[in-house]
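Q: Sequence unavailable; structure follows:
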């Protein structure tokens, strides 16, 4: 496989390399491709989203072709193909959460953050998206994920407080 240029500046590269080397050490040499998702997570933490060149670089590191990397990234809602807000609200809209009131959470996001999903609003501080399942189908419904933190069950009032805090 030919070399792929890094999308990171030297400081970012040092941080990325240190984290990725720990992850890759957990996988046998002939199974490095299994580290794709954790490596993509690390890369996304650098810029907040995955640029095409970042995806190519991550794939190259673990021996996964670009097409397969894009298949993975587009399958999982945790990966972002364009910039999102510094606080990104993901509301579960699967059946259990919907029946428990996630439609009200979605409307709150539209009203208080902005009308379009995965679009940064309020100077880049906030964005939101509907997601299919956050695995809170029981008493945790309705659920949302705020960046990497799960909130379950989440009321409209609690969501409004979280949005207001993120705007500051």
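A: That came in fine, so what should we check first? Keep in mind that this is a model prediction, so the values were computed, not measured.
Q: C-alpha only now, for contacts and for neighbours.
A: OK.
Q: contacting residues for residue 46?
A: Going by Cα atoms under 8 Å, 6 or more residues apart in numbering, residue 46 touches 12, 16.
Q: Give me the pLDDT value at it.
A: Looking at residue 46, its pLDDT stands at 94.
Q: Check which residues of the strand or helix carrying residue 60 are buried.
A: According to DSSP states H and E, residue 60 maps onto helix 52-62. Using 16 or more other Cα atoms under 10 Å as the test for burial, helix 52-62 gives 54, 55, 56, 57, 58, 59, 60, 61, 62.
Q: okay, now the residue nearest to the third one when sequence neighbours are not counted: neighbour count?
A: The reference is to residue 56. In this structure, residue 56 finds its nearest non-sequential neighbour in residue 66, 5.5 Å apart by Cα to Cα, 6 or more residues apart in numbering. When counting by other Cα atoms under 10 Å, one arrives at 17 neighbours for residue 66.
Q: What residues does residue 66 make contact with?
A: Contacts of residue 66 (Cα under 8 Å, 6+ apart): 55, 56, 59, 60.
Q: Which secondary structure state is assigned to residue 74?
A: Assigned with DSSP: H, G, I helix; E, B strand; the rest coil, residue 74 falls in the helix class.
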